[in-house]
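**Q** Provided below for reference: sequence and predicted model.
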Amino acid sequence: MLPMSNLSPSPGTPMAAGPLTRACLEIDEYAAGLGWDRPARLFALVDTARLKKQEPRLAGQLGLDQDDAGKSSLTPIEQDEVPAGTPLDKFLGTIAWPDAVVGCALTVERLMLPPSAEASVPEGLNDKQLSRWVAGHPERQEVRLTVAVLRDGTRESAVRLREKDSSTEVLTGGGLVPGLAEALAATFS
């Protein structure tokens, strides 16, 4: 496991944002620091106050500030690498989280097309053919998707375009990547 600290919001994290939005943006910023062309990354989300109380040594290793114990926040903890070559849906279907994990998040890079290009998608393509078609489309955009869900069903997403690779240009919203959010929520079933 690779820990992440959420000592303070990153420069692009809105102070008024809720804990899940802050965690999602923190993970996006972490992934941005690693650069592009990276494999998918999975994170457990744990309640920071509970972590400090139940695992003070681990909280100290994560560098969590002991003075903000009353603050409602989530600490992302990176999990082992997503196995290369394993389809994401199959991998997510193998996950079961312990009770201490209140949510999870995934960051993954994909190619997307603007809505205006949807009408020109040829019919009858299988997944591989569609992927090749999108990869060759002149309007394709490389994006990094960070999707986070809580056990209670709350969802958040952050979308970063490669061509606008700045924390001030990240789009957020709970319904931006519904399919991936559903897949992550299913890991708590």
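**A** Done, it's in.

**Q** show me where this structure dips below the pLDDT cut-off.
**A** Along the chain, segments meeting pLDDT under 70 span 1-16, 65-72.

**Q** go through it and flag its longest strand.
**A** Ranked by residue count, the top strand of the chain under DSSP state E comes out as strand 101-112.

**Q** could I get the next helix-or-strand element following it in PDB with only the CA atoms?
**A** For strand 101-112, the following helix or strand on the C-terminal side (DSSP states H and E) is helix 127-136. Once non-C-alpha atoms are left out, helix 127-136 reads as follows in PDB (Å, rounded to 0.1, in the frame of the first residue of the first chain):
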ATOM      1  CA  ASP A 127     -15.100  -3.000 -28.500                       C
ATOM      2  CA  LYS A 128     -11.600  -3.300 -30.200                       C
ATOM      3  CA  GLN A 129     -12.900  -1.800 -33.400                       C
ATOM      4  CA  LEU A 130     -14.600   1.100 -31.500                       C
ATOM      5  CA  SER A 131     -11.400   1.800 -29.600                       C
ATOM      6  CA  ARG A 132      -9.300   1.900 -32.800                       C
ATOM      7  CA  TRP A 133     -11.900   4.200 -34.400                       C
ATOM      8  CA  VAL A 134     -11.900   6.600 -31.400                       C
ATOM      9  CA  ALA A 135      -8.100   6.600 -31.300                       C
ATOM     10  CA  GLY A 136      -8.000   7.700 -34.900                       C
END
